[in-house]
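A.B. asks: Generate a structure from the sequence data that follows.
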Amino acid sequence: MPVKIRLQRHGKKGKPFYWIVAADARSKRDGKFLEKLGIYNPNTNPATIELNIDGAVQWLNNGAQPSDTAKRLLSYKGALLKHHLLGGLRKGALTAEQVEEKFNAWVSDKDAAVAAKVSGLTKEQEAEKAKALTAEKAVNDKRISDAQALEAEAAAEVAAAEAAELAATEAAAAEEVAEEAPATEEVVAEEAPATEATEEVVAEEAPATDEAPATEEAAEDAKEA
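C.D. replies: Coordinates of the predicted model:
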């Protein structure tokens, strides 16, 4: 029975993830499988790959053929390298200790490279986050500045309206005072002729007083007669 190591699709639409399986080459892609060897999730950064290396190497030793994508994943995790080293062990070119040493050294280098990549991604994410925070702070500062400007403008408009209202009130009061002033002068002017009339009455009555001595002279003349 030909065996193929391939990917079996899972997940929802738009966000798939895959199982790495050993399955009969004649079965459907997402049908029955012989063994689940790992998972592959391309939705993370970096992609998540988990693999049972020893199980994959055993299937490779038994003649299983990986698909193109599965082959890249097996190579990335070192399964193909270990399969190759075990081939050298079978041929007597390497000892078991050398196989383990070479494979462990490769794994260490691979882990360091992955860690460096993750660290770089983390720094980039932090830089992007800091940039986003700076941009957000600038936007917030602008909003505060605009709000303060609007408040100052509104306060200026209120002050101008109050000043205009006060000026209008003072102008109205001044007009009322100006209208009352002539009326007072007219009243004074109207009262003045009455005083003059009183003086005229006194002047007219004065001659009656002057005629009194003439009457006394007449009385004296009568006595002498």
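
A.B. asks: Report all helices and strands that the lengthiest helix in the chain contacts.
C.D. replies: Ranked by number of residues, the top helix in the chain under DSSP state H is helix 96-210. For helix 96-210, the packing partners by 3 or more C-beta pairs under 8 Å, 6 or more residues apart in numbering; DSSP states H and E come out as helix 79-91. C-beta coordinates here come from the backbone N, C-alpha and C atoms, glycine included.

A.B. asks: Tell me what angle the helix it packs on forms with helix 96-210.
C.D. replies: Per axes from the mean of the first three to the mean of the last three C-alpha atoms, to 10 degrees, the angle that helix 79-91 makes with helix 96-210 is 170 degrees.

A.B. asks: Buried residues in helix 79-91, which are they?
C.D. replies: 79-86 (16 or more other C-beta atoms under 10 Å).

A.B. asks: How far away from the center of its chain is stretch 94-112?
C.D. replies: Centre-to-centre, stretch 94-112 and its host chain are 52 Å apart (C-alpha atoms, centre = their mean, to the nearest Å).

A.B. asks: Show me what the nearest residue to residue 20 once chain neighbours are set aside bridges to in the sheet.
C.D. replies: The shortest distance from residue 20 to any non-neighbouring residue, by C-beta to C-beta, 6 or more residues apart in numbering, is to residue 38 (4.2 Å). Beta-bridge partners of residue 38, counted by DSSP bridges, are residue 20, residue 51.

A.B. asks: and the gap between residue 38 and residue 76?
C.D. replies: 11 Å (C-beta to C-beta, to the nearest Å).
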